[in-house]
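Q: Here's a sequence, model it:
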Amino acid sequence: MVVYNWQYFSIIYAALLLPGEIPLVVVTVLESENTETQSDLLAYVAAMANTEDILKGFSLNWMNLRDADNGKVLWQGADDLSSPEKEHEARVPKKILKSRAVSRELNFTSSEEMTRFRLEQRVMFKGKCLEEWNFDFGFVIPGSTNTWQSVIEAAPESQMMPASVLSGNVVIETYFYDDKLLVSTSKVRIYYV
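A: Reported below is the predicted structural model:
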């Protein structure tokens, strides 16, 4: 019996939290000869149990954006942009749109171990996705503070919209993961000044 349906695993996890006997379906999976299914289920249940700790122990300490060619800081913020319950705002100099490439530095702290920390980022313009990027950090040591630098290349100038059109209409959606486990989300509305 091979099951990779995350909703199914969520139901099993919720059932495991209830007092009483282990549901028959879990016993069936755990007694299955398919060790891949067993280990997938056990890993997922362990990860779900740790999700709350990872979320509580994760914070984005600061972030900056630099011109990747000369290293000059164009914007810097110290707000914890990893708080999922609100939309954040950033006022970024419009000259950033002239940069060939932008270097983004994130400084974050995690009280918990993460085996494959990564993020998915979407640039939304009036609710429609313009660009999507994926970045991998890798292993995070528990109780550590880390700085992560990534370079993002600009679209060709012919494809760029003016700052006056973009300002206030762009939201950067960031999804922080430990492998497949969603750790946190962030939404930042960009104003070009």
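Q: What strands line up against the helix or strand containing residue 107, and which way round?
A: In the assignment (DSSP states H and E), residue 107 maps to strand 101-110. Here strand 101-110 is paired, per DSSP bridges, with strand 58-67 (antiparallel), strand 144-153 (antiparallel).
Q: Show the subsequent helix or strand relative to it.
A: For strand 101-110, the following helix or strand on the C-terminal side (DSSP H and E) is strand 114-125.
Q: Mind checking what helix or strand follows that next one in sequence?
A: By DSSP H and E, the next helix or strand past strand 114-125 is strand 128-140.
Q: Report all helices and strands that that next one contacts.
A: Here strand 128-140 touches strand 114-125, strand 144-153, going by 3 or more CB pairs under 8 Å, 6 or more residues apart in numbering; DSSP states H and E. Placement of C-beta: from N, CA and C, glycine included.
Q: mind checking which helix or strand residue 188 is in?
A: strand 181-192.
Q: State the mean pLDDT of that strand.
A: For strand 181-192, the mean per-residue pLDDT is 91.
Q: Can you give me the neighbour number for residue 184?
A: 20 (other CB atoms under 10 Å).
Q: no wait, residue 87
A: Residue 87 has 11 nearby residues by other CB under 10 Å.
Q: In this structure, where is pLDDT below threshold?
A: Applying pLDDT under 70 to the chain flags residues 1-38, 41-42, 44-50.
Q: Would you mind giving the domain segments of it?
A: 24-55, 58-192 (the TED database).
Q: how far does the last one sit from the chain's center?
A: The one in question is domain 58-192. Relative to its chain's centre, domain 58-192 lies at 9 Å (CA atoms, centre = their mean, to the nearest Å).
Q: Could you give the separation between the terminal residues of that domain?
A: 28 Å (CA to CA, to the nearest Å).
Q: Endpoints of stretch 139-146, how far apart?
A: 11 Å.
Q: What are the contacting residues of that stretch?
A: 61, 107-117, 137, 178 (CB atoms under 8 Å, 6 or more residues apart in numbering).
Q: Put together a markdown table for those residues, with neighbour count and distance to residue 166 on each row.
A: Output for the contacts of stretch 139-146, formatted as a markdown table (neighbours: other CB atoms under 10 Å; distance: CB to CB, whole Å):
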| residue | neighbour count | distance to residue 166 |
| --- | --- | --- |
| 61 | 16 | 27 |
| 107 | 16 | 26 |
| 108 | 23 | 27 |
| 109 | 16 | 31 |
| 110 | 22 | 32 |
| 111 | 13 | 36 |
| 112 | 20 | 36 |
| 113 | 17 | 38 |
| 114 | 24 | 33 |
| 115 | 12 | 36 |
| 116 | 14 | 32 |
| 117 | 23 | 29 |
| 137 | 18 | 28 |
| 178 | 23 | 32 |
